[in-house]
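Asker: Sequence and predicted model, in that order:
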Amino acid sequence: MANPRYPKEHWNCYRPTYDAPPNTQGPAGIHIPLSLSPSPTTVDTSTRPPTSPPHLWPASLDHLMGRTVRAYDLVTNYARDSHGGTRWAPEDIARVHACGKQLHSVIRVLQAWSRCAARDVDAQQLRDDARDVEQACNLVQSVISCTERKKPCEG
């Protein structure tokens, strides 16, 4: 008989079906009420290091990096994934690939700053790297938008 507190339709569909959730199943299939089930141990979170690294550059740059990397990966894999699509011509894909060849590495360099933020941060070098990433992202974005569907491109 199913446990009335846990109707089967609310259980995780990736788990095998059984009568009671595993944390209430005692030895030899004896049902243990939830009030008597062992509770998880409490953990003091005040001594934990922060889970996310500190932001050393604006959040808008994070969004720009994410958008650009996704767009760059889309275009460079377009010939393989599009099955005859005409959004970008092969020569335009090569142009985008050539202009964004260093995109992933400059982003990795900037993200390395957040891992060493606890140590001495060279503010000028950080600003230079953030500026380099922003320029690389803007260049890749502009080349992608210029070459998409053979729109006329200025400059």
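Answerer: That came through fine. All figures in this text were calculated on a predicted structure; none of them were measured in a lab.

Asker: give me phi/psi at residue 68?
Answerer: Recorded main-chain torsions at residue 68 are phi -70, psi -40, according to degrees, to the nearest 10.

Asker: Contact partners for it?
Answerer: 100, 103, 136, 137, 140, 141 (Cβ atoms under 8 Å, 6 or more residues apart in numbering). For glycine as for every other residue, the C-beta is placed from the backbone atoms N, C-alpha and C.

Asker: Identify the residue spatially nearest to the fifth one, adjacent ones excluded.
Answerer: Setting aside the residues directly before and after it, residue 140 is nearest to residue 100 in space (Cβ to Cβ, 6 or more residues apart in numbering), at 4.2 Å.

Asker: tell me the contacts of the one you found?
Answerer: Residues touching residue 100, when contacts are defined by Cβ under 8 Å, 6+ apart, comprise 68, 72, 76, 136, 139, 140, 143.

Asker: that older thread, for the contacts of residue 68, which one is nearest residue 83?
Answerer: Distance ranking of those against residue 83, using Cβ to Cβ, places residue 100 first at 23.1 Å.

Asker: just to revisit the earlier point, quickly note the distance from the residue nearest to residue 140 to residue 138.
Answerer: Applying Cβ to Cβ, to the nearest Å, the value for residue 100 to residue 138 is 11 Å.
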